[in-house]
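1. this is a predicted model, with the sequence first.
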Amino acid sequence: MSDKVPPGDSSSGSSNKEVASSSIPKSIEELLKLLSTGEELTESQKKEMKDYKFWKTQPVPKLNEKILKEGPIETKKPEDIPDTPFPLLKDFEWTTVDIDEKDQLQEVYELLYENYVEDQDATFRFNYSPEFFNWSLKCPGWKKEWHAGVRVKSTGKLCAFIAATPITLKLTKSQTIIPSVEINFLCIHKKLRSKRLAPVLIKEITRRVNKCDIWQALYTAGVVLPSPVSTCRYTHRPLNWSKLNDVEFSHLPSDQTKSSMVAKYALPNTTNTKGLRPMEWEDVDQVYDLLVKFEERFELIQSFDKEEVAHWFLGRTTKEGESSTVIKTYVVENDEGKITDFFSYYLLPFTVLNNPKHSELGIAYLYYYASESAFVEGGESKYKARLVSLMNDALITSKKFGVDVFNCLSAQDNSFFIEKCKFGSGDGFLNYYLFNYKTWPIYGGIDPITKEVTSDKGSGIGVVMK
Ligand code: MYA
(Lines give C-alpha, C1' and ligand atoms only; values in the text may rest on other atoms or scores of the structure.)
Protein backbone atom coordinates (compact mmCIF):
# COMPACT_ATOMS: atom_id res chain seq x y z
CA MET A 1 0.00 0.00 0.00
CA SER A 2 1.43 3.36 -0.94
CA ASP A 3 -0.08 5.33 1.88
CA LYS A 4 1.16 8.62 3.18
CA VAL A 5 3.46 8.63 6.15
CA PRO A 6 1.02 7.28 8.68
CA PRO A 7 -0.27 8.73 11.89
CA GLY A 8 2.24 7.38 14.42
CA ASP A 9 2.17 7.14 18.49
CA SER A 10 4.64 9.87 19.07
CA SER A 11 6.01 10.59 15.49
CA SER A 12 5.25 10.88 11.82
CA GLY A 13 7.29 7.76 11.17
CA SER A 14 10.65 7.75 9.59
CA SER A 15 10.21 7.40 5.88
CA ASN A 16 13.30 7.26 3.67
CA LYS A 17 12.83 10.96 3.01
CA GLU A 18 13.19 11.69 6.68
CA VAL A 19 16.42 9.78 6.97
CA ALA A 20 17.73 11.78 4.05
CA SER A 21 16.72 15.10 5.57
CA SER A 22 18.81 14.41 8.65
CA SER A 23 21.80 13.42 6.56
CA ILE A 24 24.64 15.57 5.41
CA PRO A 25 25.46 15.65 1.70
CA LYS A 26 29.19 16.17 1.10
CA SER A 27 29.05 18.64 -1.73
CA ILE A 28 26.72 20.92 -3.67
CA GLU A 29 26.95 18.47 -6.59
CA GLU A 30 25.78 15.65 -4.39
CA LEU A 31 22.98 17.80 -3.03
CA LEU A 32 21.84 18.71 -6.52
CA LYS A 33 22.02 15.09 -7.53
CA LEU A 34 19.85 14.17 -4.60
CA LEU A 35 17.35 16.87 -5.43
CA SER A 36 17.14 15.85 -9.04
CA THR A 37 17.02 12.09 -8.60
CA GLY A 38 15.50 11.74 -5.15
CA GLU A 39 18.20 9.12 -4.55
CA GLU A 40 18.86 7.95 -1.02
CA LEU A 41 22.02 8.99 0.78
CA THR A 42 24.80 6.48 1.07
CA GLU A 43 25.88 5.11 4.44
CA SER A 44 28.81 7.53 4.65
CA GLN A 45 26.50 10.49 4.14
CA LYS A 46 24.19 9.55 6.99
CA LYS A 47 24.40 11.35 10.30
CA GLU A 48 27.20 9.89 12.41
CA MET A 49 27.51 9.71 16.17
CA LYS A 50 29.75 12.78 16.29
CA ASP A 51 27.03 14.78 14.55
CA TYR A 52 24.55 14.14 17.35
CA LYS A 53 25.78 17.09 19.38
CA PHE A 54 23.24 16.54 22.12
CA TRP A 55 22.69 12.81 22.06
CA LYS A 56 26.42 12.02 22.16
CA THR A 57 26.45 13.59 25.66
CA GLN A 58 23.57 11.46 26.96
CA PRO A 59 23.57 8.01 28.61
CA VAL A 60 22.42 6.13 25.53
CA PRO A 61 24.24 3.46 23.48
CA LYS A 62 26.29 4.76 20.56
CA LEU A 63 25.12 4.08 17.01
CA ASN A 64 26.05 0.52 16.05
CA GLU A 65 27.54 -0.10 19.49
CA LYS A 66 27.89 -3.79 20.16
CA ILE A 67 26.12 -4.46 23.43
CA LEU A 68 28.22 -6.67 25.66
CA LYS A 69 26.24 -6.44 28.86
CA GLU A 70 22.71 -5.37 29.74
CA GLY A 71 22.11 -2.76 32.43
CA PRO A 72 22.09 0.94 33.35
CA ILE A 73 24.71 3.16 31.72
CA GLU A 74 25.21 5.53 34.64
CA THR A 75 24.16 5.46 38.27
CA LYS A 76 23.34 8.57 40.29
CA LYS A 77 21.33 9.58 43.34
CA PRO A 78 18.53 12.19 43.54
CA GLU A 79 20.80 14.38 45.71
CA ASP A 80 23.34 14.54 42.84
CA ILE A 81 20.69 16.22 40.68
CA PRO A 82 20.27 20.03 40.66
CA ASP A 83 17.21 21.39 42.47
CA THR A 84 16.63 24.17 40.00
CA PRO A 85 15.57 23.97 36.34
CA PHE A 86 18.00 24.34 33.47
CA PRO A 87 18.43 27.98 32.41
CA LEU A 88 16.42 29.20 29.42
CA LEU A 89 17.02 32.19 27.15
CA LYS A 90 15.89 35.40 28.86
CA ASP A 91 12.61 35.73 26.93
CA PHE A 92 11.33 32.32 28.09
CA GLU A 93 10.35 30.69 31.36
CA TRP A 94 9.57 27.20 32.64
CA THR A 95 6.06 26.21 33.57
CA THR A 96 4.47 23.13 35.04
CA VAL A 97 1.30 22.58 33.08
CA ASP A 98 -1.57 21.67 35.38
CA ILE A 99 -3.69 19.47 33.15
CA ASP A 100 -6.39 19.34 35.83
CA GLU A 101 -7.01 22.99 34.91
CA LYS A 102 -9.26 23.09 31.87
CA ASP A 103 -7.58 26.18 30.43
CA GLN A 104 -4.09 24.70 30.73
CA LEU A 105 -5.17 21.42 29.16
CA GLN A 106 -6.63 23.48 26.33
CA GLU A 107 -3.25 25.23 25.91
CA VAL A 108 -1.49 21.87 25.47
CA TYR A 109 -4.17 20.82 23.03
CA GLU A 110 -3.71 23.99 20.96
CA LEU A 111 0.09 23.80 20.98
CA LEU A 112 0.01 20.21 19.78
CA TYR A 113 -2.80 20.76 17.31
CA GLU A 114 -0.85 23.51 15.56
CA ASN A 115 2.67 22.16 15.95
CA TYR A 116 2.78 18.41 16.60
CA VAL A 117 3.55 15.65 14.13
CA GLU A 118 2.26 16.12 10.58
CA ASP A 119 2.67 14.02 7.49
CA GLN A 120 5.14 15.12 4.79
CA ASP A 121 2.60 17.23 2.90
CA ALA A 122 0.91 18.67 6.01
CA THR A 123 -2.42 17.16 4.91
CA PHE A 124 -3.17 15.41 8.20
CA ARG A 125 -2.77 16.46 11.78
CA PHE A 126 -3.29 14.54 15.01
CA ASN A 127 -6.37 15.72 16.82
CA TYR A 128 -5.52 14.89 20.42
CA SER A 129 -8.60 15.71 22.49
CA PRO A 130 -8.51 16.84 26.12
CA GLU A 131 -10.09 13.45 26.85
CA PHE A 132 -7.18 11.70 25.15
CA PHE A 133 -4.74 13.56 27.41
CA ASN A 134 -6.78 12.62 30.47
CA TRP A 135 -6.38 8.99 29.52
CA SER A 136 -2.77 9.04 28.29
CA LEU A 137 -1.26 11.46 30.82
CA LYS A 138 -3.23 10.82 34.01
CA CYS A 139 -2.43 7.16 34.62
CA PRO A 140 -1.92 5.85 38.17
CA GLY A 141 1.14 7.51 39.72
CA TRP A 142 1.16 10.49 37.33
CA LYS A 143 2.87 13.64 38.53
CA LYS A 144 1.96 17.21 37.74
CA GLU A 145 5.59 18.32 37.60
CA TRP A 146 6.26 15.81 34.84
CA HIS A 147 4.25 17.94 32.43
CA ALA A 148 6.86 20.54 31.67
CA GLY A 149 6.31 23.50 29.40
CA VAL A 150 8.04 26.66 28.24
CA ARG A 151 6.20 29.99 28.04
CA VAL A 152 7.07 33.25 26.32
CA LYS A 153 7.69 35.56 29.30
CA SER A 154 6.05 38.65 27.83
CA THR A 155 2.80 36.99 26.67
CA GLY A 156 2.58 33.81 28.77
CA LYS A 157 2.02 31.80 25.57
CA LEU A 158 2.86 28.10 25.87
CA CYS A 159 5.45 27.43 23.17
CA ALA A 160 6.93 24.03 24.09
CA PHE A 161 5.92 20.92 26.01
CA ILE A 162 7.21 17.51 27.09
CA ALA A 163 5.53 14.87 29.24
CA ALA A 164 6.64 11.92 31.32
CA THR A 165 4.27 9.25 32.63
CA PRO A 166 5.22 6.42 34.97
CA ILE A 167 5.65 2.94 33.51
CA THR A 168 7.20 -0.20 34.92
CA LEU A 169 9.16 -1.95 32.21
CA LYS A 170 10.27 -5.54 32.30
CA LEU A 171 12.90 -7.38 30.30
CA THR A 172 11.54 -10.90 30.37
CA LYS A 173 14.70 -12.77 29.35
CA SER A 174 16.44 -11.66 32.53
CA GLN A 175 13.19 -10.97 34.43
CA THR A 176 14.54 -7.48 35.16
CA ILE A 177 12.04 -4.92 36.38
CA ILE A 178 12.89 -1.32 35.44
CA PRO A 179 10.91 1.50 37.09
CA SER A 180 10.76 4.04 34.27
CA VAL A 181 8.86 6.81 32.59
CA GLU A 182 7.42 6.97 29.12
CA ILE A 183 8.30 10.23 27.34
CA ASN A 184 5.77 11.62 24.96
CA PHE A 185 4.38 14.79 23.36
CA LEU A 186 7.71 16.55 22.91
CA CYS A 187 6.63 19.57 20.93
CA ILE A 188 8.17 22.93 20.05
CA HIS A 189 6.27 25.74 18.35
CA LYS A 190 7.12 25.85 14.64
CA LYS A 191 8.60 29.34 14.99
CA LEU A 192 11.09 28.14 17.60
CA ARG A 193 12.45 25.15 15.74
CA SER A 194 16.15 24.39 15.23
CA LYS A 195 17.19 26.59 18.15
CA ARG A 196 18.38 23.68 20.33
CA LEU A 197 15.39 23.95 22.65
CA ALA A 198 14.59 20.22 22.40
CA PRO A 199 17.78 19.22 24.28
CA VAL A 200 16.90 21.69 27.05
CA LEU A 201 13.39 20.24 27.38
CA ILE A 202 14.80 16.71 27.46
CA LYS A 203 17.38 17.66 30.10
CA GLU A 204 14.72 19.36 32.21
CA ILE A 205 12.30 16.43 32.11
CA THR A 206 15.24 14.14 32.93
CA ARG A 207 16.05 16.34 35.95
CA ARG A 208 12.45 16.30 37.16
CA VAL A 209 12.19 12.52 36.78
CA ASN A 210 15.62 11.85 38.33
CA LYS A 211 14.62 13.93 41.35
CA CYS A 212 11.96 11.24 41.93
CA ASP A 213 14.67 8.55 41.87
CA ILE A 214 13.76 7.22 38.43
CA TRP A 215 16.66 6.78 36.00
CA GLN A 216 15.31 5.03 32.92
CA ALA A 217 12.86 6.04 30.20
CA LEU A 218 11.16 4.53 27.17
CA TYR A 219 10.42 6.70 24.15
CA THR A 220 9.67 6.22 20.47
CA ALA A 221 10.37 8.43 17.48
CA GLY A 222 10.30 8.26 13.72
CA VAL A 223 13.73 9.89 13.59
CA VAL A 224 16.88 7.84 14.02
CA LEU A 225 18.75 8.73 17.20
CA PRO A 226 21.48 6.88 19.09
CA SER A 227 20.37 4.09 19.37
CA PRO A 228 17.15 2.20 18.69
CA VAL A 229 16.61 -0.95 20.72
CA SER A 230 14.07 -2.00 18.07
CA THR A 231 12.33 -0.75 14.95
CA CYS A 232 8.76 -1.58 14.01
CA ARG A 233 6.77 -0.78 10.90
CA TYR A 234 3.33 0.81 10.69
CA THR A 235 0.57 -1.07 8.94
CA HIS A 236 -2.94 0.12 8.05
CA ARG A 237 -6.22 -1.65 7.53
CA PRO A 238 -8.65 0.51 5.56
CA LEU A 239 -12.25 0.28 6.76
CA ASN A 240 -13.67 3.12 4.70
CA TRP A 241 -11.54 2.88 1.58
CA SER A 242 -13.50 5.48 -0.44
CA LYS A 243 -12.94 8.15 2.18
CA LEU A 244 -9.26 7.23 2.55
CA ASN A 245 -8.94 7.56 -1.19
CA ASP A 246 -10.76 10.93 -1.20
CA VAL A 247 -8.26 12.34 1.29
CA GLU A 248 -5.33 10.70 -0.53
CA PHE A 249 -4.37 8.47 2.35
CA SER A 250 -4.89 5.39 0.16
CA HIS A 251 -4.26 5.30 -3.56
CA LEU A 252 -5.97 3.29 -6.25
CA PRO A 253 -3.59 0.59 -7.54
CA SER A 254 -3.37 0.66 -11.34
CA ASP A 255 -4.76 -2.88 -11.69
CA GLN A 256 -7.85 -2.23 -9.52
CA THR A 257 -11.11 -0.33 -9.70
CA LYS A 258 -12.59 1.76 -6.91
CA SER A 259 -15.40 -0.73 -6.40
CA SER A 260 -13.00 -3.68 -6.24
CA MET A 261 -11.06 -1.87 -3.50
CA VAL A 262 -14.26 -1.16 -1.55
CA ALA A 263 -15.27 -4.82 -1.90
CA LYS A 264 -11.80 -5.98 -0.82
CA TYR A 265 -12.08 -4.16 2.49
CA ALA A 266 -15.80 -4.75 3.18
CA LEU A 267 -16.52 -6.26 6.60
CA PRO A 268 -19.64 -7.83 8.07
CA ASN A 269 -21.65 -5.85 10.61
CA THR A 270 -21.62 -8.50 13.30
CA THR A 271 -18.70 -10.05 15.12
CA ASN A 272 -17.82 -13.70 14.90
CA THR A 273 -16.42 -14.71 18.29
CA LYS A 274 -18.88 -16.29 20.70
CA GLY A 275 -18.91 -14.54 24.08
CA LEU A 276 -17.34 -11.28 22.83
CA ARG A 277 -18.51 -8.21 24.76
CA PRO A 278 -17.16 -4.86 26.01
CA MET A 279 -14.95 -5.13 29.09
CA GLU A 280 -16.57 -4.23 32.41
CA TRP A 281 -15.24 -3.26 35.81
CA GLU A 282 -15.77 -6.84 37.12
CA ASP A 283 -13.36 -8.15 34.44
CA VAL A 284 -10.29 -6.31 35.74
CA ASP A 285 -8.91 -9.25 37.78
CA GLN A 286 -9.24 -11.77 34.95
CA VAL A 287 -7.88 -9.41 32.29
CA TYR A 288 -4.94 -8.69 34.57
CA ASP A 289 -4.18 -12.42 35.06
CA LEU A 290 -4.43 -13.17 31.35
CA LEU A 291 -2.37 -10.16 30.28
CA VAL A 292 0.43 -10.80 32.78
CA LYS A 293 0.76 -14.39 31.58
CA PHE A 294 0.51 -13.47 27.90
CA GLU A 295 3.03 -10.62 28.03
CA GLU A 296 5.79 -13.04 28.96
CA ARG A 297 5.85 -14.03 25.26
CA PHE A 298 7.67 -10.79 24.49
CA GLU A 299 11.07 -9.46 25.53
CA LEU A 300 10.33 -5.85 26.44
CA ILE A 301 7.01 -5.46 28.20
CA GLN A 302 5.03 -3.17 30.43
CA SER A 303 4.52 -4.69 33.86
CA PHE A 304 0.97 -3.75 34.94
CA ASP A 305 -0.71 -3.74 38.33
CA LYS A 306 -4.49 -4.04 38.62
CA GLU A 307 -5.08 -0.32 39.02
CA GLU A 308 -3.13 0.25 35.80
CA VAL A 309 -5.15 -2.42 34.02
CA ALA A 310 -8.34 -0.61 35.08
CA HIS A 311 -6.97 2.73 33.92
CA TRP A 312 -5.47 1.64 30.62
CA PHE A 313 -8.30 -0.66 29.54
CA LEU A 314 -11.37 1.07 30.96
CA GLY A 315 -10.10 4.61 31.45
CA ARG A 316 -11.18 4.67 35.10
CA THR A 317 -9.83 3.39 38.38
CA THR A 318 -13.05 3.18 40.40
CA LYS A 319 -16.11 1.03 39.91
CA GLU A 320 -18.35 4.07 39.85
CA GLY A 321 -16.20 6.23 37.53
CA GLU A 322 -17.09 6.89 33.93
CA SER A 323 -15.17 4.94 31.29
CA SER A 324 -13.06 6.89 28.84
CA THR A 325 -14.37 7.11 25.31
CA VAL A 326 -10.88 6.94 23.77
CA ILE A 327 -10.02 3.38 24.85
CA LYS A 328 -12.12 0.43 23.75
CA THR A 329 -11.60 -3.02 25.26
CA TYR A 330 -13.50 -6.19 24.47
CA VAL A 331 -13.26 -9.49 26.30
CA VAL A 332 -14.29 -13.02 25.32
CA GLU A 333 -16.10 -14.83 28.12
CA ASN A 334 -16.73 -18.58 27.82
CA ASP A 335 -19.72 -20.50 29.19
CA GLU A 336 -17.95 -21.00 32.52
CA GLY A 337 -17.49 -17.25 32.98
CA LYS A 338 -13.77 -17.39 32.22
CA ILE A 339 -12.19 -14.66 30.12
CA THR A 340 -10.21 -16.43 27.44
CA ASP A 341 -9.18 -13.48 25.26
CA PHE A 342 -9.30 -9.73 25.08
CA PHE A 343 -8.30 -6.97 22.69
CA SER A 344 -8.17 -3.20 22.96
CA TYR A 345 -7.60 -0.19 20.76
CA TYR A 346 -7.58 3.54 21.26
CA LEU A 347 -9.18 6.19 19.09
CA LEU A 348 -7.14 9.14 17.92
CA PRO A 349 -8.64 10.98 14.95
CA PHE A 350 -6.77 12.98 12.36
CA THR A 351 -7.84 16.40 11.20
CA VAL A 352 -7.80 16.54 7.40
CA LEU A 353 -6.57 19.89 6.15
CA ASN A 354 -7.76 21.59 2.96
CA ASN A 355 -10.08 18.87 1.76
CA PRO A 356 -13.46 19.95 0.35
CA LYS A 357 -15.23 16.71 1.33
CA HIS A 358 -13.80 15.60 4.66
CA SER A 359 -12.49 17.32 7.77
CA GLU A 360 -11.66 14.33 9.97
CA LEU A 361 -10.38 10.76 9.66
CA GLY A 362 -11.41 8.25 12.31
CA ILE A 363 -8.34 6.27 13.36
CA ALA A 364 -7.98 3.33 15.73
CA TYR A 365 -4.63 2.09 17.05
CA LEU A 366 -4.32 -1.47 18.21
CA TYR A 367 -3.36 -1.51 21.89
CA TYR A 368 -2.89 -4.62 24.07
CA TYR A 369 -4.49 -8.02 23.53
CA ALA A 370 -4.09 -11.53 24.90
CA SER A 371 -5.41 -14.99 24.21
CA GLU A 372 -5.41 -18.24 26.18
CA SER A 373 -4.87 -20.03 22.87
CA ALA A 374 -1.23 -18.90 23.02
CA PHE A 375 -0.60 -21.30 25.90
CA VAL A 376 -1.76 -24.50 24.24
CA GLU A 377 1.30 -26.59 23.58
CA GLY A 378 1.84 -27.32 19.90
CA GLY A 379 -1.16 -25.15 19.10
CA GLU A 380 0.66 -22.41 17.19
CA SER A 381 -1.57 -22.61 14.13
CA LYS A 382 -4.71 -22.47 16.30
CA TYR A 383 -3.27 -19.47 18.11
CA LYS A 384 -2.58 -17.69 14.83
CA ALA A 385 -6.09 -18.46 13.56
CA ARG A 386 -7.57 -17.21 16.82
CA LEU A 387 -5.65 -13.93 16.50
CA VAL A 388 -6.94 -13.47 12.95
CA SER A 389 -10.50 -14.04 14.12
CA LEU A 390 -10.13 -11.72 17.14
CA MET A 391 -8.59 -8.94 15.06
CA ASN A 392 -11.31 -9.21 12.45
CA ASP A 393 -13.76 -8.69 15.29
CA ALA A 394 -11.72 -5.74 16.53
CA LEU A 395 -12.06 -4.21 13.05
CA ILE A 396 -15.80 -4.85 12.99
CA THR A 397 -16.40 -3.35 16.45
CA SER A 398 -14.40 -0.25 15.53
CA LYS A 399 -16.74 0.61 12.66
CA LYS A 400 -19.38 1.89 15.04
CA PHE A 401 -16.91 4.43 16.45
CA GLY A 402 -16.48 6.01 13.03
CA VAL A 403 -13.08 4.42 12.38
CA ASP A 404 -11.92 4.84 8.78
CA VAL A 405 -8.53 3.15 9.16
CA PHE A 406 -7.23 0.76 11.80
CA ASN A 407 -3.49 0.96 12.44
CA CYS A 408 -1.09 -1.41 14.07
CA LEU A 409 2.66 -1.83 14.27
CA SER A 410 4.67 -4.92 13.47
CA ALA A 411 5.13 -5.24 17.28
CA GLN A 412 3.68 -7.94 19.60
CA ASP A 413 2.48 -10.96 17.59
CA ASN A 414 0.83 -8.66 15.05
CA SER A 415 2.75 -10.09 12.10
CA PHE A 416 0.70 -13.31 12.56
CA PHE A 417 -2.49 -11.54 11.43
CA ILE A 418 -1.36 -8.44 9.53
CA GLU A 419 -1.61 -9.96 6.09
CA LYS A 420 -4.63 -12.17 6.72
CA CYS A 421 -6.61 -9.26 8.17
CA LYS A 422 -5.65 -7.12 5.13
CA PHE A 423 -3.41 -4.64 6.86
CA GLY A 424 -1.01 -3.09 4.34
CA SER A 425 2.50 -1.87 5.18
CA GLY A 426 2.82 1.90 5.44
CA ASP A 427 5.82 4.14 4.78
CA GLY A 428 6.45 4.81 8.44
CA PHE A 429 8.79 3.12 10.90
CA LEU A 430 8.85 3.63 14.64
CA ASN A 431 12.10 3.37 16.59
CA TYR A 432 12.05 2.33 20.25
CA TYR A 433 14.61 3.81 22.63
CA LEU A 434 15.63 3.20 26.21
CA PHE A 435 17.31 6.02 28.12
CA ASN A 436 20.19 5.05 30.42
CA TYR A 437 19.85 1.34 29.79
CA LYS A 438 21.69 -0.99 27.47
CA THR A 439 19.92 -4.04 26.22
CA TRP A 440 20.36 -6.49 23.36
CA PRO A 441 18.57 -5.48 20.18
CA ILE A 442 14.95 -6.64 20.07
CA TYR A 443 13.26 -7.99 16.94
CA GLY A 444 10.58 -5.58 15.70
CA GLY A 445 8.60 -7.91 13.43
CA ILE A 446 10.32 -6.76 10.22
CA ASP A 447 13.13 -8.21 8.15
CA PRO A 448 16.24 -6.15 9.03
CA ILE A 449 17.27 -5.84 5.37
CA THR A 450 14.07 -5.67 3.34
CA LYS A 451 12.05 -4.00 6.16
CA GLU A 452 9.08 -6.14 5.16
CA VAL A 453 6.82 -7.46 7.91
CA THR A 454 7.66 -11.12 8.52
CA SER A 455 4.58 -13.31 8.84
CA ASP A 456 6.27 -16.35 10.38
CA LYS A 457 7.85 -14.71 13.40
CA GLY A 458 6.39 -12.55 16.17
CA SER A 459 8.32 -9.59 17.54
CA GLY A 460 9.96 -9.12 20.93
CA ILE A 461 8.27 -5.78 21.55
CA GLY A 462 5.37 -6.26 23.93
CA VAL A 463 4.99 -2.68 25.11
CA VAL A 464 2.58 -0.36 23.27
CA MET A 465 3.06 3.42 23.46
CA LYS A 466 0.28 5.99 23.08
S1 MYA B 1 8.52 11.86 19.66
C2 MYA B 1 7.58 13.19 18.96
C3 MYA B 1 8.45 14.36 18.66
N4 MYA B 1 7.66 15.52 18.30
C5 MYA B 1 7.42 15.90 17.04
O6 MYA B 1 7.87 15.29 16.08
C7 MYA B 1 6.54 17.12 16.90
C8 MYA B 1 6.99 18.07 15.80
N9 MYA B 1 8.40 18.44 15.98
C10 MYA B 1 8.86 19.26 16.96
O11 MYA B 1 8.13 19.78 17.80
C12 MYA B 1 10.37 19.50 16.94
O13 MYA B 1 10.88 19.28 15.66
C14 MYA B 1 11.14 18.61 17.98
C15 MYA B 1 12.64 18.88 17.84
C16 MYA B 1 10.69 18.99 19.39
C17 MYA B 1 10.90 17.13 17.73
N18 MYA B 1 13.34 12.94 20.08
O19 MYA B 1 15.52 22.01 19.39
P20 MYA B 1 16.27 21.42 18.26
C21 MYA B 1 17.14 16.07 18.58
C22 MYA B 1 14.54 13.19 20.65
O23 MYA B 1 17.15 22.36 17.51
P24 MYA B 1 13.77 21.05 16.87
C25 MYA B 1 8.40 12.14 21.36
O26 MYA B 1 7.62 12.89 21.85
C27 MYA B 1 18.01 16.19 17.36
O28 MYA B 1 18.56 14.94 17.01
N29 MYA B 1 15.45 14.05 20.14
O30 MYA B 1 15.29 20.67 17.23
C31 MYA B 1 9.40 11.35 22.22
C32 MYA B 1 19.04 17.19 17.85
O33 MYA B 1 19.97 16.55 18.71
P34 MYA B 1 21.43 16.12 18.13
C35 MYA B 1 15.12 14.69 19.00
O36 MYA B 1 13.46 20.46 15.54
C37 MYA B 1 10.49 12.30 22.63
C38 MYA B 1 18.23 18.13 18.72
O39 MYA B 1 17.04 17.40 19.10
C40 MYA B 1 13.89 14.48 18.36
O41 MYA B 1 13.51 22.49 17.07
C42 MYA B 1 11.61 11.62 23.37
C43 MYA B 1 17.83 19.37 17.95
O44 MYA B 1 17.13 20.20 18.81
C45 MYA B 1 12.99 13.55 18.95
N46 MYA B 1 11.80 13.28 18.40
O47 MYA B 1 12.90 20.23 17.95
C48 MYA B 1 12.63 12.59 23.87
N49 MYA B 1 13.86 15.27 17.26
O50 MYA B 1 22.20 17.40 17.92
C51 MYA B 1 13.82 11.93 24.55
C52 MYA B 1 15.02 15.93 17.22
O53 MYA B 1 22.05 15.24 19.18
C54 MYA B 1 13.50 11.52 25.95
N55 MYA B 1 15.79 15.58 18.26
O56 MYA B 1 21.19 15.40 16.85
C57 MYA B 1 14.73 10.98 26.65
C58 MYA B 1 14.43 10.50 28.05
C59 MYA B 1 14.23 11.64 29.03
C60 MYA B 1 13.76 11.24 30.38
C61 MYA B 1 14.77 10.42 31.12
C62 MYA B 1 14.30 10.09 32.51
C63 MYA B 1 15.13 9.12 33.23
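-> In hand now; what should we look at? It should be emphasised that the depicted structure is a prediction, and the values quoted were computed from it without experimental measurement. Residues are numbered from 1 along each chain as shown.
2. wait, residue 130 touches residue 107, no?
-> No: counting by Cβ atoms under 8 Å, residue 130 sits too far from residue 107 to count as a contact (10.6 Å). (Glycine included, C-beta is placed from N, CA and C.)
3. compare those two and say which is more crowded by neighbours.
-> residue 107 (20 against 12; other Cβ atoms under 10 Å).
4. show me what from the chain comes close to the ligand.
-> With Cβ under 6 Å from any ligand atom as the criterion, the chain meets the ligand at residues 10-11, 52-55, 115-117, 181, 183-188, 193-199, 202, 205-206, 209-210, 214-217, 219, 221, 223, 225, 435-436.
5. now that we have these, which of them are buried?
-> 10-11, 52, 55, 115-117, 181, 183-188, 197-198, 202, 205-206, 209-210, 214-217, 219, 221, 225, 435-436 (16 or more other Cβ atoms under 10 Å).
6. for whatever residue of the stretch 251-400 of the chain ends up closest to the ligand, the count of nearby residues, please.
-> Nearest residue of the stretch 251-400 of the chain to the ligand (Cβ to the nearest ligand atom) works out as residue 348 at 13.9 Å. Using other Cβ under 10 Å, the number of residues around residue 348 comes to 20.
7. now swap in residue 136 and tell me
-> 24.
8. can you give me the neighbour number for the closest residue to it other than its chain neighbours?
-> Distances taken as Cβ to Cβ, 6 or more residues apart in numbering place residue 466 nearest to residue 136, at 4.3 Å, with adjacent residues excluded. Residues near residue 466, counting by other Cβ under 10 Å, number 23.
9. what average pLDDT does stretch 283-294 get?
-> What stretch 283-294 shows for mean pLDDT is 98.
10. same check, this time on stretch 375-393
-> 94.
11. list the contacts of that stretch.
-> 267, 271-273, 276, 293, 330, 332, 341, 343, 366, 369, 371, 373-374, 413, 416-417, 420-421 (Cβ atoms under 8 Å, 6 or more residues apart in numbering).
12. among those residues, which lie within helices?
-> In this view, the contacts of stretch 375-393 that belong to helices under DSSP state H are residue 293.
13. ok so, going back, the residues of the chain next to the ligand in helices, which ones?
-> Reading helices off the residues of the chain next to the ligand with DSSP H, I get 115, 197, 198, 199, 202, 205, 206, 209, 210.
14. the residue nearest to residue 136 and residue 184 touch, don't they?
-> Yes: with contacts counted by Cβ under 8 Å, residue 466 reaches residue 184, the gap being 6.6 Å.
15. longest helix in this protein, by number of residues?
-> Per DSSP H, the chain has its longest helix at helix 380-399.
16. and it, what's buried?
-> Buried, per 16+ other Cβ under 10 Å, within helix 380-399: 383-384, 386-399.
17. tell me, how many residues neighbour residue 277?
-> 12.
18. what about the residue lying closest to residue 213 once chain neighbours are set aside, how many residues close to it?
-> Closest residue to residue 213 apart from its sequence neighbours, by Cβ to Cβ, 6+ apart: residue 78 at 5.1 Å. By other Cβ under 10 Å, 12 other residues sit near residue 78.
19. one step back: ChimeraX command to pick out the buried ones of the contacts of stretch 375-393?
-> Paste this into ChimeraX to select the buried members of the contacts of stretch 375-393, with burial taken from 16+ other Cβ under 10 Å:
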select :267,271,273,276,330,332,341,343,366,369,371,373,374,413,416,417,421
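20. okay, and which of the contacts of stretch 375-393 map to strands?
-> 276, 330, 332, 341, 343, 366, 369, 371 (DSSP state E).
21. give the contact list for the fourth one.
-> Residues in contact with residue 341, defined by Cβ under 8 Å, 6+ apart, are 273, 290, 331, 332, 369, 370, 371, 372, 373, 386, 390.
22. what's across from it in the sheet?
-> residue 332, residue 371 (DSSP bridges).
23. measure residue 389 to residue 200 for me?
-> Using Cβ to Cβ, to the nearest Å, residue 389 is found at 49 Å from residue 200.
24. on that earlier part again, what's the following helix or strand after the longest helix of the chain?
-> Next along the chain after helix 380-399, taking DSSP states H and E as the criterion, comes strand 405-409.
25. contacts for that following strand, please.
-> 6-7, 232-240, 244, 249-250, 345, 361-366, 394-395, 398, 414, 418, 423, 426, 430, 445, 461, 464.
26. circling back: so which of the residues of the chain next to the ligand are in strands?
-> 181, 183, 184, 185, 186, 187, 188, 216, 217, 219, 221, 435.
27. got a markdown table for those, with pLDDT too?
-> Shown next, in a markdown table, are those (pLDDT from 0 to 100):
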| residue | pLDDT |
| --- | --- |
| 181 | 98 |
| 183 | 98 |
| 184 | 96 |
| 185 | 96 |
| 186 | 97 |
| 187 | 96 |
| 188 | 97 |
| 216 | 98 |
| 217 | 98 |
| 219 | 98 |
| 221 | 95 |
| 435 | 98 |
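28. farthest-apart pair in those, please.
-> 188 and 216 (24.2 Å; Cβ to Cβ).
29. so where is this protein shaky, pLDDT-wise?
-> For the chain, the stretches with pLDDT under 70 are 1-45, 120.
30. where does the stretch 301-450 of the chain get nearest to the ligand, residue-wise?
-> residue 435 (3.8 Å).
31. so residue 350 touches residue 127, yeah?
-> Yes: judged on Cβ under 8 Å, residue 350 makes contact with residue 127 at a distance of 6.2 Å.
32. which neighbours do these two share?
-> Common neighbours of residue 350 and residue 127 (Cβ under 8 Å, 6+ apart) are residue 360.
33. the more surrounded of these two?
-> The residue with more neighbours, out of residue 350 and residue 127, is residue 350; 24 against 20, by other Cβ under 10 Å.
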